[in-house]
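> give the three-dimensional model of this entry:
(4 chains)
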2 protein chains.
Amino acid sequence: MEIDRTSWKLLKALEENARLTYAELGKLVHLSAPAVAERVRKLEESGVITGYGATINLEKVGIPITALVECQVYRTKEREFKALVLSLDEVISCHNVTGPYAFILKVAVRSMSLLDELLERLIDLSDTNTMMILSTPVDRKMPLGIDQVAE
Amino acid sequence: MEIDRTSWKLLKALEENARLTYAELGKLVHLSAPAVAERVRKLEESGVITGYGATINLEKVGIPITALVECQVYRTKEREFKALVLSLDEVISCHNVTGPYAFILKVAVRSMSLLDELLERLIDLSDTNTMMILSTPVDRKMPLGIDQVAE
DNA sequence: CGTGAAAATAGAACCGC
DNA sequence: GCGGTTCTATTTTCACG
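Predicted coordinates:
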C-alpha cells in the first residue's frame, strides 16, 4: 500500500493519540470525517495499522522494575528457550537479533526476588547478561520525520 | 492509586485493544458503561494510563530495518550524546541502563546506508555495538498474569 | 454504581469530481 | 478512484436515583 503525505500524517497522529476522532483527524489533514475514516479503514485492512493499545505506567501498578536481558542460548536449547520465553508473563518483549546474544528480552517485575527467579529459569537454557533499566528518555513506535516516507 | 481486579482487567483489555467501547468493556467486567467510563477516566487522570497509540507495521511503510544499538558513551560526551539521541528521528526508543553500555537504542531506518550514517554520528560520541533485529516474537506493553497485581 | 436522556461520534448510502 | 454531504446507528456523557 502506498502512503501519501496525508496518510502519513494520519499515522503519526494516531500513533501519538489513537483516541482522536475522525473529525479531529480531518481538521489536521483538511479532509472530511468520512474521508478520514475510509483512509484509516484501508490502513487497517492493508495491515499498516496492526492495532490500538493503551500505554500503562507500570510503576503505578506496582511493577517498578524493568530490565533488559541478553541471552546467549545454548545451541541445543533454542526450541526450549523460545517456548519458555513465550510462556513467561513477565517478558514484555523478545527480539531475535544478530550477534552472539541471539535474544534480547525486556522484562517487568514487581520485585528483585521475582527477577531473580526469572533469571534462574533463563540461565538453565542460556548465558544471560542483565541490565537494569534506569530511565527511558525515548519510547515511540515509529520514527519521526516525514522525510522517512517512501515516495 | 489502587488497582483492584476489575481495573486490572480493564487495563489488560485496553492494552490489547484501545478501541473497545465502554459497553464492551462493561461486559468483560460485569459493569455498566458509565461505571467503566468513570474508572477509565480515573485511571487516565491518575497517570496509570498515559496514552493511547496505534501500532504501525514499519515494514509496510517502507521502513524495513530495525536494530538495537548498545552505546558506551565517552565520559565527557554524555550530555552531547543525550541531545543527539533526542534529536534523531530514527531513534524509536532509548533506555538508560546499568552496565558499561549505558544506553541502548532501538532505531528504525529505510535502508542500510541510512543506518550507516546514523551509526557514524553515534560513533563520534560512544563505542557502539549494533545488533540487527531479525524477528520480534513478543512485544507487549505490560506483563500478562493477574498474579502480578499488587493487592 | 445503575438507569435513561441528550450530545457527540461513527458508519452507510448516495452524489459529484 | 477519491472525497463531500446527509442521514441513521452507536457510543459517550451527564443528570438523577
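> show the backbone phi and psi for the residue in chain A sticking out farthest from the centre.
Residue farthest from the centre of chain A, counting by Cα atoms, centre = their mean, is residue A:32 at 31.2 Å. Dihedral pair for residue A:32: phi -80, psi 160, per degrees, to the nearest 10.
> so it touches residue A:26, yeah?
Yes: using Cβ atoms under 8 Å, residue A:32 makes contact with residue A:26 at a distance of 5.6 Å. Backbone N, C-alpha and C define where each C-beta goes, glycine included.
> which stretches in chain A count as helices?
Using DSSP state H, the helices of chain A run over A:5-16, A:22-29, A:33-45, A:78-87, A:112-123.
> could you say which of these is packed most deeply?
helix A:5-16 (a mean of 18; mean count of other Cβ atoms under 10 Å in any protein chain shown).
> and the residue farthest from the centre of chain A, how close does it get to residue A:40?
13 Å (Cβ to Cβ, to the nearest Å).
> same check on residue A:16?
14 Å.
> residue A:107 now?
For residue A:107, the distance to residue A:40 equals 34 Å [Cβ to Cβ].
> next: residue A:81.
According to Cβ to Cβ, residue A:81 and residue A:40 sit 39 Å apart.
> and for residue A:114?
40 Å.
> which helices and strands sit right next to the strand ranked longest in chain A?
Longest strand in chain A, counting residues (DSSP state E): strand A:126-139. Contacts defined by 3 or more Cβ pairs under 8 Å, 6 or more residues apart in numbering or on different chains; DSSP states H and E place strand A:126-139 against strand A:65-73, helix A:112-123, helix B:78-87, strand B:91-97.
> go with 6 Å
In terms of contacts (3 or more Cβ pairs under 6 Å, 6 or more residues apart in numbering or on different chains; DSSP states H and E), strand A:126-139 is packed against strand A:65-73, strand B:91-97.
> export the ones you listed as a markdown table, with columns for mean neighbour count.
A markdown table is the format used below for those (neighbours: other Cβ atoms under 10 Å in any protein chain shown):
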| stretch | mean neighbour count |
| --- | --- |
| strand A:65-73 | 21 |
| strand B:91-97 | 20 |
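> of all the ones you listed, which lies closest to DNA strand D?
Between DNA strand D and the helices and strands packed on strand A:126-139, the tightest spacing by Cβ to the nearest atom of the strand is seen for strand B:91-97, at 28.1 Å.
> dump the C-alpha coordinates for that closest one into CSV.
Provided in CSV are the C-alpha atoms of strand B:91-97 (Å, rounded to 0.1, in the frame of the first residue of the first chain):
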residue,chain,number,x,y,z
VAL,B,91,15.6,6.5,17.3
ILE,B,92,12.4,4.7,18.4
SER,B,93,13.5,4.1,21.9
CYS,B,94,16.3,4.9,24.2
HIS,B,95,16.9,3.1,27.5
ASN,B,96,19.5,4.2,30.1
VAL,B,97,20.7,1.0,31.7
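> related to what we said a few turns ago, using TSV, please lay out the helices of chain A together with mean pLDDT.
Below are the helices of chain A laid out as TSV (pLDDT from 0 to 100):
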stretch	mean pLDDT
helix A:5-16	96
helix A:22-29	97
helix A:33-45	97
helix A:78-87	96
helix A:112-123	98
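> with distance to DNA strand C as extra columns, can I get these in CSV?
Below are those laid out as CSV (distance: least, Cβ to the nearest atom of the strand, whole Å):
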stretch, distance to DNA strand C
helix A:5-16, 11
helix A:22-29, 4
helix A:33-45, 4
helix A:78-87, 32
helix A:112-123, 29
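> for residue A:55, which of those helices is the nearest?
Relative to residue A:55, the nearest member of the helices of chain A by Cβ to Cβ is helix A:5-16, separated by 10.7 Å.
> what angle separates the closest one from helix A:33-45?
Between helix A:5-16 and helix A:33-45, the angle comes out at 70 degrees (axes from the mean of the first three to the mean of the last three Cα atoms, to 10 degrees).
> which residues sit against helix A:5-16?
A:20, A:25, A:28, A:29, A:39, A:141, A:142, A:146, A:149, B:53, B:54, B:56 (Cβ atoms under 6 Å, 6 or more residues apart in numbering or on different chains).
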